[in-house]
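In: When you get a sec, could you give me coordinates for this:
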Amino acid sequence: MKIPSSSQRTEAVASQGWALRSGDAPAAQPTGLVSSKTSPTSEFLVNLDQRSCAERRVKRLKRSVWASGGLHSLPCPGHRPGVPWFVTLTYENPDGWHADHISAATERFRRWCRRHGHPCRYTWVGEIQPGRAIRTGKEVVHYHLLAWLPRDVVMPKWDVARGRRLAFWPQGMSNTQRAKAGVGYLMKYLSKLGEFSRFPKGLRLYGIGGLNAAARGIRTWLNLPEWAKRTFGVGDLVRKSGRIVVRATGEILNSPYLVLLLPGALIVRAIAPIPDSFHSGPYSTYPLMLDAQ
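Out: The predicted structure follows:
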């Protein structure tokens, strides 16, 4: 199958009326274009209550964490795959949480990796301790981190200083072990996260470090809206100031959906056809893979 170029896909998008403003009437689909699976009159409701918003936030988190696990596990050229290490970080003082603690800890870990010549690849997720939340009603945070190190390297204990090296995590305790299931360890904790919709203000639910440019492109593509992913491949689009822009032409893509605000909810209505996908996922659209064909 011949995969259309970025500019050809942009022209197809514009021809199908995706650039409609909210006040315009839906345009008829020109002859010869891909058939639409979504009727222009179809609509759905999006709840804006706290629990629904938290569940959508957790859903995006799961997608990013799962993708990062697969991308981090890919070996560097000429090297064997790294070994995943699972680290749990807890607070000595249950009320001692601060938003920048985890970023300071990963920065110390990054400096340690750089000093020893190791690639610094990690993914972490924040969790509300469920037992304590039920007993006390307080949102006590702790973190689970997965990091990939070379096979002959042992992960240092994050709460212990050694020599001139400061503790990565001076706020409390850490538990470190080799991870047999890789990213499956993190997904186990994420399966419980949606049960708790009360997160402390400023809490980041996850963080990812060490992805190369190719992996970052795939992760960015996976987080695009479905309507954009159906027509554009990895590296074709970029987000700028909240808008989705075609990298090759600078054109701004408008959503094929009209959003109506209601008290506590949104009505999302399709106002233009949604085409069939031209690919079978991010790896089938990655530029280097296309060049090799």
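
In: Next one: the residue nearest in space to the middle of the chain, what pLDDT does it get?
Out: Most central in the chain under C-alpha atoms, centre = their mean is S64, positioned 2.8 Å from the mean C-alpha point. The model reports S64 with a pLDDT of 82.

In: Now do the helix or strand hosting it: distance to the chain's middle.
Out: Assigned by DSSP states H and E, S64 belongs to helix 50-73. Here the centre of helix 50-73 is set off from its chain's centre by 6 Å, with C-alpha atoms, centre = their mean, to the nearest Å.

In: List the buried residues of that helix.
Out: A54, V58, L61, K62, S64, V65, W66, A67, S68, G69, L71, H72 (16 or more other C-beta atoms under 10 Å). Just so you know, the C-beta spots here come from the backbone N, C-alpha and C atoms, and that holds for glycine as well.

In: quick one: stretch 164-181 to chain centroid distance?
Out: With C-alpha atoms, centre = their mean, you get 24 Å for stretch 164-181.

In: swap that for stretch 80-88, sorry
Out: 20 Å.

In: can you pull the buried residues of that stretch?
Out: G82, V83, P84, W85, F86, V87, T88.

In: ditto for stretch 247-261
Out: Under 16+ other C-beta under 10 Å, the buried positions of stretch 247-261 are E251, L253, N254, S255, P256, Y257, L258.

In: Closest one to H279 out of those residues, please.
Out: Using C-beta to C-beta, L253 comes nearest to H279 of these, at 17.1 Å.

In: The stretch 101-250 of the chain: strands as residue ranges?
Out: 121-128, 141-149, 172-178, 206-209, 237-240, 243-246 (DSSP state E, counting those that start in this stretch).

In: how about the longest one as CSV, C-alpha atoms only?
Out: Which is strand 141-149. Only the C-alpha atoms of strand 141-149 are listed here, as CSV (Å, rounded to 0.1, in the frame of the first residue of the first chain):
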residue,chain,number,x,y,z
VAL,A,141,1.5,10.1,48.4
HIS,A,142,4.3,7.6,47.6
TYR,A,143,6.1,6.9,44.3
HIS,A,144,6.9,3.8,42.3
LEU,A,145,9.8,4.1,39.9
LEU,A,146,11.1,1.7,37.2
ALA,A,147,14.6,2.4,35.9
TRP,A,148,16.7,0.5,33.3
LEU,A,149,20.4,-0.1,34.0
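
In: Strand partners (parallel or antiparallel) of that strand?
Out: strand 83-91 (antiparallel), strand 121-128 (antiparallel) (DSSP bridges).

In: what's the answer for the fifth one, then?
Out: Take DSSP bridges as the rule and strand 237-240 pairs in its sheet with strand 243-246 (antiparallel).
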